[in-house]
Structure formats: C-alpha cells, structure tokens
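1. got a predicted model here, sequence first, then my questions.
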Number of protein chains: 2
Amino acid sequence: MVELEQLDAFAKLSEESRTLLSQGGITRACAPATAVLNKGDAISGAYLVLQGQLRVYTLAPNGTEATLYFINPGETCVLALNCLFNDLRYPAWVQAEEATEVVVIPGPLYRTLFRFEPSIQELTVSALSVAVFRLMGELEQLHSQRHRQRLANFFLLHASSDGVLRMTQQRLGNHLGTTREVIARLIGEFSAEALITTGRGVIRLRNIEGLREVACQSAP
Amino acid sequence: MVELEQLDAFAKLSEESRTLLSQGGITRACAPATAVLNKGDAISGAYLVLQGQLRVYTLAPNGTEATLYFINPGETCVLALNCLFNDLRYPAWVQAEEATEVVVIPGPLYRTLFRFEPSIQELTVSALSVAVFRLMGELEQLHSQRHRQRLANFFLLHASSDGVLRMTQQRLGNHLGTTREVIARLIGEFSAEALITTGRGVIRLRNIEGLREVACQSAP
DNA sequence: GTGGATATGTAACAAAAGATACGTGTCGTC
DNA sequence: GACGACACGTATCTTTTGTTACATATCCAC
C-alpha cells in the first residue's frame, strides 16, 4: 500500500505543509464496487488515491455506462480539482473498482498548498494535463474506431502481464459504452479467430500480435 | 480586436513580467482556413488567441475529421500547454476558422511566468480545467446521443443570435465526425419537420423550441 | 452567358450497432 | 443435489450510420 508520505509531491513539501497535510487529510476506505461520488455531488476537497483504483464514468439517460478514465494510486481526480477551483458540482459518477483507499484534502487546505507549494502546482497541472491527453485519446478513438478495435485495445491495455483479464462481458460493455450482447458477439468473433479463449468472467489472450493488428487496423 | 494588454491575466502581472511578455511574445497572423499546427509538430510556446477562432480537430486514418474544441479570443490552447509542460509533440491538428491572431509565448518564458505569477498559474489551471470539462462533455454526448441530437445541438450552439448558421454541410460533417451525406439526410429530415430552412452554405433555424426538444430527447 | 468549381439532393445498398427474446451453463449455498 | 443468481451464447429484427454513385443547383470569374 502506498502511504501519503511516500508520494513524490509530498516529499518536496515544506515541513509546515507536510504537517498541515498529515493533519488535514481525511482518509477514506472504499469497498470494491461501491459508489464513491455521484453526479451532482458537492466536492469537499481534492481526491488522492493511495491504493486500489477508482473508475470515473458517465451514465446515459437510457442507463448505459461508459468509462471515462481510471484513477490509479498516486493520481488525483481531475474532475474533483475542477470542481474545487471552479466551484462546481461533480459532473460524473465514480466507483471503486477494487478495495480502494483515498485521501480527501479539504478544499481550503488544497488551495493554500497550491498557492505556495511548487510541487503541488506541478502535481495539479500535470494531473490536469494527463487527463486532457487521456480524454482526447478516448475521443479520437471513439470517432475513428469500431467496437471491434476498441475491444481489442481494451484487452491489450487491461490484461495482466500473463494475458489474463478477469472481467465479465457486462462490465466490458460498461467500459466501452455498449451492451453485453454486442460484446458477446465480438468475443465470439475473436474466439473463432483463436485470438482469445474465454471462461466464466475471464478472457485469456492467445494471440497478442493478432489482437494488436485488430486494434491498429485503420477504418475501411 | 483584443490586445494582449487588455487580457485579465495580463493586468495582474508584475511590471517586470509585463515587459517580458510584451517583448517575448511573438504575434502570428493566420488567414482563414489555413493550418496552424499539425499532428507531430514540436511546440515552441504557449498559444494565446487574441482574435478570431482556432479549431482543434482529429483526423482519422480514413480521412474523416472531428472537431475536438474551439479556442476563442482570450483562451489558450491546452494541448500546447500540455506539450510545453510534458515535452511532447502536438497530438492533433489546428486550423484557423476565421482570420485569427495568436501570440506565441516561448516555452522558457512561459515556464518562468508560471513559476512566479499567480495570475498565470490561475490562467493555466483554469484553461486546463475548462478543457477537461469540454472534452468530458463531448465524450458523454458521443456515447449517449445520436447524430440527429448532436446536429440539433450544434445548430443551437453555433447559430448567430438571429438563428442563422453559415456553414456548408461538408463542414458540419467535419465537426460532428461524419460524412456530408449523413448531414444532408438529417438536414432533409429537419427541413421536412419545418425546424429549419436551408440555402447554399446557410442554415436558418425556424423552430428553436422544436430543435431544443430534438437535442434533449433521451435515447429510446 | 459559359465553364468550372463548389454545394446540395437523393436513391440504393452495405455494414455496424442496438434491442429483444430465449436457452444454456456455472457457481455457491442451503 | 436442488435452487437461485449470475454469466454466457445466439438468433432475429430494427435502427442508425456509412458508402457509392449520380443528378442537380448555385456561384464566381472570364
């Protein structure tokens, strides 16, 4: 588990700020699959993930979800930063993927730190930058790729190093913003092409190169 | 036309920084419809739009464009900021929509200003924040709305106050990330429903309320 | 006004994605 | 081992979007 004290940005802080942070930060544990934030929530502070993974997603009126991005240990939630700096309500939903521990740094404290600590400025700007890049990449993909490509991509990105991905088709659909049936169809194709094998709640990648080809092939 | 001196952030700078900026900023005029930046370009500084409008878009392998966002006077290009702070190549294309004037603030100068001037920190963070919000909105729309809704939305957002939008169907297609034919089809529908009337290179909104309904109706 | 460039209308078809409706398989638990 | 909850497979149908292929219309320059 990552401790607050181990984070890069923390190490560079002044003694005073470090004390402020240690005393002012509120640690919050989130069980897997529980809601952390909902659309419209007021944001009390900056969210810093220590352990686990948060998933930020949208929920369309018809009920289909779509993952916007993940927040990994050491990263902060940019949408929360946004809300802090611009006094807005939270514009999406957040869920804990695994058992997750987050530190909430109260807004006033964060603003103070931002004002005086270069390393916090750095952290803020770079978190926002990364988010812009990720979102833009998503947007570009969504415009130019079919589900087939995006699914192959998802497999390659999220499988563990031994080529195994533990995830149900329903959840895959939620990530890509489509339905289980569509995922099943595509998985059927991939299976037939011997790119993967499947089990209950698990995908095993069998032909990484082939999947890469699918993920990269340009539109017709 | 907006002068550098009239911008909010500029007014709050120290005398010294103001001099630096006036001397270090490079003004660049861009004719309408010309390329300002291409994917892969190295970025020499922060881009600040004084006049006109820049359009940031992606170009899929099959040639279809899709607008990511617009940069209006007084705004900066966040992707350029990204590239500056993270030393990356530019990840998209930029085009001048109208006759546009931009100030390029060289990277080293901008970094210095960012380090010492709260108003520049503010500007940077808020530019990034706004971008994150816009991109997220786009992403959400793209997941949950059909072309029909998105087009109605585009009409409402981009028509002048008297309900006129001067834009060809080809360009509408480029913005929404689809082809002219699809736009023509939808425009045909809207026309038949008396929501709009059309001319060569111009759309006239006839029933704003009706369009709003189309734009807001939730998925089936 | 003629010609070329540009913009639009539209029909017909193909492909992708979404919706509906079941049947089947697998797991844990009682 | 019987049950229910959950996960998966699949077939069919509809809607939406993308493609192809022309015909027509408008504008500008000469």
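-> Arrived safely.
2. for A:Val103, see how far away A:Ala80 is.
-> Distance from A:Ala80 to A:Val103, counting by Cβ to Cβ, to the nearest Å: 12 Å. All C-beta atoms are positioned from the backbone trio N, CA, C, and that covers glycine.
3. now the common contact residues for those two.
-> Common contacts of A:Ala80 and A:Val103, defined by Cβ atoms under 8 Å, 6 or more residues apart in numbering or on different chains, comprise A:Tyr47.
4. for A:Thr198, grab phi and psi.
-> A:Thr198 has phi and psi values of phi -130, psi 160 when expressed as degrees, to the nearest 10.
5. sorry, slip of the keys, the one I care about is A:Val182.
-> Torsion angles at A:Val182 (phi, psi; degrees, to the nearest 10) stand at phi -60, psi -40.
6. just confirm it contacts A:His147, I think it does.
-> Yes - with contacts counted by Cβ atoms under 8 Å, A:Val182 reaches A:His147, the gap being 6.2 Å.
7. now the angle from the helix ranked longest in chain A to helix B:118-144?
-> Identified as the longest helix of chain A according to DSSP state H is helix A:118-144. Put simply, helix A:118-144 runs at 30 degrees to helix B:118-144, going by axes from the mean of the first three to the mean of the last three Cα atoms, to 10 degrees.
8. any residue of helix A:118-144 touching chain B?
-> Yes - using Cβ under 8 Å from any Cβ of the partner chain, helix A:118-144 reaches chain B at A:118, A:121, A:124-126, A:128-129, A:131-133, A:135-140, A:142-144.
9. any buried residues in that helix, and which?
-> Of the residues in helix A:118-144, A:119-121, A:123-136, A:138-140, A:142-144 count as buried by neighbour count, 16 or more other Cβ atoms under 10 Å in any protein chain shown.
10. now swap in stretch A:94-109 and tell me
-> For stretch A:94-109, a neighbour-count test (16+ other Cβ under 10 Å) marks A:94-97, A:100-105, A:107, A:109 as buried.
11. just confirm A:Leu50 is within a strand.
-> Yes - per DSSP: H, G, I helix; E, B strand; the rest coil, A:Leu50 lies within a strand segment.
12. what bridges to the residue nearest the centre of chain A?
-> In chain A, the centroid-proximal residue (Cα atoms, centre = their mean) is A:Phe70; its distance is 0.4 Å. Following DSSP bridges, A:Phe70 is listed with bridge partners A:Arg55.
13. list the contacts of it.
-> A:53-56, A:97.
14. neighbours of A:Arg166, how many?
-> A:Arg166 has 12 neighbours, counted by other Cβ atoms under 10 Å in any protein chain shown.
15. equivalent analysis for A:His147, please.
-> For A:His147, the count of nearby residues is 16 (other Cβ under 10 Å).
16. who are the contact partners of it?
-> A:His147 makes contact with A:176, A:178, A:182, A:186 under the criterion Cβ under 8 Å, 6+ apart.
17. repeat that for 10 Å
-> A:154, A:173, A:176-178, A:182-183, A:185-186 (Cβ atoms under 10 Å, 6 or more residues apart in numbering or on different chains).
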